[in-house]
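With the input below, show me the fold.
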Amino acid sequence: MSPSVISKFPLLFFIAISLWWGFYYQSNSSLNDFGQANFEFLYLLDVFIVLPIICFLAVKNKKEALLKAITLCCLAVWVGSYIIPASSKFIWPYLESGRYVISALILLFELAAIVTVVLAIKTALDDKVDPDLAISQPIERFLGKSVVATVLNFETRMWTFALFAKRVKPDNYQGSKHFSYHQKDGSQSNLLGFVFLIALEMPLMHLLLHFAWSPLAANIVTILSLLSLVFFLAEYRAMAKRPISIDGDDLIIRYGLYQPLKVPLSNIKDIKGNDVFVAREKSIKRYVYSGVPNIKIVLAEPIGEVEKIFIGVDNPHSFIESIKHSL
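Coordinates of the predicted model:
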């Protein structure tokens, strides 16, 4: 069984125990002695003993396993607050109060991302290194190459372009030749339209929900809208800053805030233009904002499950000629 499948066991176990114990606690039958055997420790044993053990057995990276165990246990506490009857809760009220601790941890996570942004930008400006490396290296040095590190990389990159885009220079990115994609089919202009739309809609939606529904719902929707605004603003700025590059024997595909994809030139079997719509498939990687991608790359050997890469660039003819020349 592949490691990627095994790593999903903790989540599957969490879903399974939540469904099973939810049915157990909410049923009124001989299964739970007609509601007299709704002991909370039954769910506690699975959540705080079995679940962490499965996390550490299924995930090789111990830091990632610990973070996954903490996350799933916190989710289980939230689920338990709903499925366990109030009359059977003795320890659970204390666990539920831990939501303030979880909120503090989330806040610390956000602050860590912002601090990393400042340090990464300072390093990029002082040493003129690739801004992506300036962000990823300190994170991966602490967390390793894990899912958590990838998420934090993305979030840090988002805050970088949302707050300090003017200080990021495209020339500092690795590569001898750079190619842009932000002008294709008005991609950047369309994204700016989304930014203005969210900014204009947010106060109106907040007032409507505040008076028509509840202040809590209004605050939640406004926070989510604000995060969406930050994302679209960062994406808008990153489009013109993060180029697709040829660096020695590699093609580095950067696209907005996407995680960069490095493709060895020797692994490119064929490259040509494209003018048709491309549907989503597991074997296809698409990089395009507007219209259809105008570049089709066929790989000699798959990268993971990806066999073909479709990209939308501003000057497809120049891009194809440069790749063929490098090949």
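
And residue 140, how far from residue 175?
Here the criterion is CB to CB, to the nearest Å. By it, residue 140 lies 21 Å from residue 175. From N, CA and C alone the C-beta is placed, and that goes for glycine too.

Those two: which has the busier surroundings?
Neighbour tally, residue 140 and residue 175, criterion other CB atoms under 10 Å: the higher count belongs to residue 175, 19 against 16.

give the contact list for that one.
243, 245-247, 252 (CB atoms under 8 Å, 6 or more residues apart in numbering).

A strand includes it, no?
No - with DSSP: H, G, I helix; E, B strand; the rest coil as the criterion, residue 175 is located in coil rather than a strand.

The residue lying closest to it once chain neighbours are set aside: neighbour count?
Among residues not flanking residue 175 along the chain, residue 245 sits closest, at 2.6 Å (CB to CB, 6 or more residues apart in numbering). Residue 245 has 21 neighbours, counted by other CB under 10 Å.

Spell out the secondary structure type for residue 245.
Per three-state DSSP, residue 245 ends up strand.

Over to the one 10 residues further on?
For residue 255, the secondary-structure state derived from three-state DSSP is coil.

That one contacts residue 243, doesn't it?
No - at 9.7 Å, residue 255 does not count as touching residue 243 under the criterion of CB atoms under 8 Å.

Let me see the residues that make contact with the longest strand along the chain.
Looking across the chain with DSSP state E, the single longest strand is strand 295-303. Contact with strand 295-303 is made by 261, 263, 266-274, 283, 306-313, 316, 319-320, as judged by CB under 8 Å, 6+ apart.

Of the residues you listed, grab the buried ones for ChimeraX.
Remark: buried members of the contacts of strand 295-303, expressed as a ChimeraX selection using 16 or more other CB atoms under 10 Å:
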select :261,263,267,268,271,274,306,307,308,309,310,311,312,313,316,319,320
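
Among the contacts of strand 295-303, which lie within strands?
Among the contacts of strand 295-303, the ones falling in strands (DSSP E) are 261, 263, 268-273, 306-311.

Just the C-alpha atoms of stretch 249-256, please, in CSV.
C-alpha atoms of stretch 249-256 as CSV (Å, rounded to 0.1, in the frame of the first residue of the first chain):
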residue,chain,number,x,y,z
ASP,A,249,18.5,22.2,-17.2
ASP,A,250,15.1,22.9,-15.5
LEU,A,251,11.9,24.6,-16.3
ILE,A,252,10.5,26.3,-13.2
ILE,A,253,6.7,26.9,-13.4
ARG,A,254,5.6,29.6,-11.0
TYR,A,255,2.0,30.7,-11.5
GLY,A,256,0.5,33.3,-9.2
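
how close does residue 322 sit to residue 245?
For residue 322, the distance to residue 245 (CB to CB) stands at 10 Å.

Quickly list what's touching both of the two.
Residues touching both residue 322 and residue 245 by CB under 8 Å, 6+ apart: 177, 179.

Residue 286 sits in which helix or strand?
In this structure, residue 286 sits in strand 284-287 according to DSSP states H and E.

Confirm residue 151 sits in a strand?
No - Residue 151: not assigned to a strand; according to three-state DSSP it is helix.

So it versus residue 227, what's the distance?
14 Å.

The two - which one has more neighbours?
Neighbours per residue, other CB under 10 Å: of residue 151 and residue 227, the larger number sits with residue 151, 14 against 11.

Show me where the stretch 101-250 of the chain has its helices.
Assigned by DSSP state H, counting those that start in this stretch, the helices in the stretch 101-250 of the chain fall at 131-143, 147-164, 187-212, 215-239.
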